[in-house]
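Enquirer: Output the structure for:
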Amino acid sequence: MRHFLDIHKTDREDLRSIIDEARRIKDKRNGLPKAAPDDELPLQGRMVALIFEKPSTRTRVSFDVGVRQMGGETMVLSGAEMQLGHGETIADTARVLSRYVDMIMIRTYEEATLLEMAEYADVPVINGLTNRTHPCQIMADVLTFEEHRGPIAGRKVTWLGDGNNVCASFLHAAGQFGFDFTFSGPPPLDPEAEFIQFARDQGVRVEIERDPVKAVEGADLVVTDTWVSMHDPQSARERRHNMLHPYQVNAELMAHAKPDALFMHCLPAHRGDEATSEVMDGPQSVIFDEAENRLHAQKAIMRWCLGA
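Expert: Model (predicted):
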């Protein structure tokens, strides 16, 4: 059973093969209409359940389109429709869904929900996001960097702002793909020590640098994410804005990175908060390539899960 639960739980060789396959898939679709099927249909006759406890734009559309392009069909389910873990245990839900579908993608809150789903499912389970990690996004980010700048191994990635779930998966990727990682943000929002230690144990350099200017010096890639969640109360939003304002990615800050440094943001963005429009729409920004590559990376992940 091949689940895709987290980057650090997947072998390096498999991660590399997924990135290479994603690049091949993208290249072969060049010029095709969005709804046109691939010339290979590895999901022909397959049904994929897409479960969303958390709302989504990119994850929902990219997985749905990807399955259809590969010849499969999707069943989109919300947490409200399923009462996931409330009216029925996660384990029983996993057992039942395994009788109906060939693969499950779940975007949820608690990591425990994902892990229990995978433990009891008889079909592959893909992590579409949890509160702790977001591995599909980072696979797309690695793909995006490499198609613009070549191998990411040995490069320097700087993260600014909140050490959230996307940051956590970047740390996992640092260890697995072999790039250095610098985090710059306020101490209360540091990434979990477990994620930092994983990357360091793989032999890469991980640094915490409070000064954002020093943090981006020599960076090949500068990354940030939204400062607030859609579920945060207004009082929490205001506190976070005050705490994170020094870590805004603007043109002045980007000038301290390498001249050819790229800028990424997984979106959705609050323009003028974590990053300025000047940076997001500027020549170093690859945010929309990054968004597109969710489609290609996830198609490669699904093929890997099914051995297709």
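Enquirer: For the residue nearest the centre of the chain, list the residues it contacts.
Expert: By CA atoms, centre = their mean, the chain has its centre lying nearest to residue 137, at 1.7 Å. By CB atoms under 8 Å, 6 or more residues apart in numbering, the contact set of residue 137 is 129, 166, 169, 266, 294. No exception for glycine: its C-beta is placed from N, CA and C like everyone else's.
Enquirer: Confirm it sits in a strand?
Expert: No - residue state for residue 137 (DSSP: H, G, I helix; E, B strand; the rest coil) corresponds to helix; a strand is not indicated.
Enquirer: thinking again about what came up before, let me know the closest of the contacts of residue 137 to residue 285.
Expert: Proximity of these to residue 285 was ranked by CB to CB; the top entry is residue 266 with 12.6 Å.
Enquirer: any idea how far residue 72 lies from residue 50?
Expert: Distance, residue 72 to residue 50, by CB to CB, to the nearest Å: 11 Å.
Enquirer: Then residue 286?
Expert: As judged by CB to CB, residue 286 and residue 50 stand 26 Å apart.
Enquirer: looking at the chain, which helix or strand is least sure?
Expert: Least confident helix or strand, the chain: helix 79-82 with a mean of 76, by mean pLDDT, DSSP states H and E.
Enquirer: Run through the neighbouring helices and strands of the next helix or strand after that helix.
Expert: The helix or strand immediately downstream of helix 79-82 is helix 90-100, counting by DSSP states H and E. Counting by 3 or more CB pairs under 8 Å, 6 or more residues apart in numbering; DSSP states H and E, the packing neighbours recorded for helix 90-100 are strand 47-52, strand 103-107, helix 111-120.
Enquirer: Name the residues of helix 90-100 that come out as buried.
Expert: Neighbour-count burial for helix 90-100 flags 90, 93-94, 97-98 (criterion: 16 or more other CB atoms under 10 Å).
Enquirer: Tell me which two in those are the farthest apart.
Expert: The farthest-apart pair in these, when distances are taken by CB to CB, is 90 and 98, at 12.5 Å.
Enquirer: Please spell out which residues along stretch 213-220 are buried.
Expert: Within stretch 213-220, the residues that qualify as buried are 215-216, 219-220, counting by 16+ other CB under 10 Å.
Enquirer: gap between the two ends of that stretch?
Expert: Stretch 213-220 has an end-to-end distance of 14 Å (CA to CA, to the nearest Å).
Enquirer: any idea which element residue 14 lies in?
Expert: Here residue 14, judged by DSSP H and E, is contained in helix 12-28.
Enquirer: Output the contacting helices and strands for that helix.
Expert: Secondary-structure packing of helix 12-28 (3+ CB pairs under 8 Å, 6+ apart): helix 135-149, helix 165-177, helix 287-306.
Enquirer: any idea how far the second one is from the chain center?
Expert: The one in question is helix 165-177. Centroid separation between helix 165-177 and its chain, computed with CA atoms, centre = their mean, to the nearest Å, is 9 Å.
Enquirer: residues in contact with the helix or strand that it is followed by?
Expert: Note on helix 165-177: by DSSP H and E, the next helix or strand toward the C-terminus is strand 180-184. Under the criterion CB under 8 Å, 6+ apart, residues 154-161, 163, 167, 170-171, 174, 190-191, 196, 199, 204-212, 214-216, 219, 247 lie in contact with strand 180-184.
Enquirer: PyMOL command for the buried members of those residues?
Expert: Buried residues within the contacts of strand 180-184, by 16+ other CB under 10 Å, are selected in PyMOL with:
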select buried, resi 155+156+157+158+159+160+161+163+167+170+171+174+191+196+199+204+206+209+212+215+216+219+247
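Enquirer: can you pull the contacts of residue 201?
Expert: Contact analysis of residue 201 by CB under 8 Å, 6+ apart lists residue 175.
Enquirer: show me the residues around residue 284 that make contact.
Expert: With contact set as CB under 8 Å, 6+ apart, residue 284 has these partners: 254, 260-263.
Enquirer: just residue 113 next, same as before
Expert: 53, 84-85, 90, 106, 130.
Enquirer: Now render those as CSV, adding pLDDT and distance to residue 114.
Expert: Below are these laid out as CSV (pLDDT from 0 to 100; distance: CB to CB, whole Å):
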residue, pLDDT, distance to residue 114
53, 92, 10
84, 77, 11
85, 63, 11
90, 94, 9
106, 98, 6
130, 97, 5
